[in-house]
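Student: Below: sequence and its predicted model.
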Amino acid sequence: MKILLLNGSPREKECTYTALSEVATELEKHGAKAEILQIGNKPLQGCIACRACQKLDRCTFGGDIVNVFLEKAKTADGFIFGSPVYFANPNGSMLAVMDRIFFSGKRWLSAKPAAAVVSARRAGTTSALDSLQKFFQITGMPMVPATYWPMVFGYKPTEVQEDKEGLQNLRELARQMIWMITATKAAKDAGLVPPEREEKIWTNFMR
Ligand SMILES: Cc1cc2nc3c(=O)[nH]c(=O)nc-3n(C[C@H](O)[C@H](O)[C@H](O)COP(=O)(O)O)c2cc1C
């Protein structure tokens, strides 16, 4: 079982990373392979709606994390997207990356469990989570439960380490992800098939 974790913070090994590491350690403790990818601190291209990805099955812009992530997503069983909270939202570069990953890589993501994790100093966590979680439902990804919304608080990693409740919730999230993937595999092995998908109807305006 392989879980891909994406750190949206431009600060590689700080608060969001501390939260993702807690999830990764728990995943590995229970036999999964966890890999944390970084979006880094270089300028990141947003989606330009060129739709080249619909023929390529990857983003037309190479050279950054998006296609690296998508290549690894092909063989991943689940995903965790971590982000710092910037003005009560995920940070801008993370959203640019998410737009491109989800627009170009739906086929590698759909039907695989996903969760978002956010780190904030003080406020804006639930709106940032709401924004990240919206990517999952539209992509047909079951959202992994926990016992609280997946967030930690801190301005420095040492402060995140003190958020005992937040970290405990993240360990729960990791175990729930393993359970979801294991249960889905058992259902498949027992001959259960996912519900049929209707051909997509596309209406661009409300009647
Ligand atoms: C541009 C910017 C905006 C921020 N906005 C918020 C905010 O709205 N609410 C909050 O609690 N913290 C805010 N913060 C603080 C970070 O969310 C917080 O320190 C987070 O843990 C940083 O994660 P990182 O260390 O992984 O980058 C902001 C930080 C920056 C740089």
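Tutor: Done, it's in.
Student: contacting residues around the closest residue to Pro142 other than its chain neighbours?
Tutor: Spatial nearest neighbour of Pro142, chain neighbours left out: Pro113 (4.9 Å); criterion: Cβ to Cβ, 6 or more residues apart in numbering. C-beta: built from backbone N, CA, C; applies to glycine. With contact set as Cβ atoms under 8 Å, 6 or more residues apart in numbering, Pro113 has these partners: Asp77, Gly78, Phe79, Met141, Pro142, Met143, Val144, Met177, Met180, Ile181, Thr184.
Student: Kindly recompute the last result at 6 Å.
Tutor: Gly78, Pro142, Val144, Met177, Met180 (Cβ atoms under 6 Å, 6 or more residues apart in numbering).
Student: so how many other residues sit close to the last one?
Tutor: Other residues near Met180 number 19, with proximity taken as other Cβ atoms under 10 Å.
Student: Can you name the helix or strand that Met94 falls in?
Tutor: Following DSSP states H and E, the helix or strand that holds Met94 is helix 92-104.
Student: Rounded mean pLDDT for that helix, please.
Tutor: Helix 92-104 shows a mean pLDDT of 98.
Student: on that earlier part again, ok, and the most crowded of the contacts of Pro113?
Tutor: Counting neighbours by other Cβ under 10 Å, the top entry in the contacts of Pro113 is Met177, with 29 neighbours.
Student: In three-state terms, label it for me.
Tutor: Here Met177 is helix, with the state taken from DSSP: H, G, I helix; E, B strand; the rest coil.
Student: separation between it and the ligand?
Tutor: The gap separating Met177 from the ligand is 21 Å, by Cβ to the nearest ligand atom, to the nearest Å.
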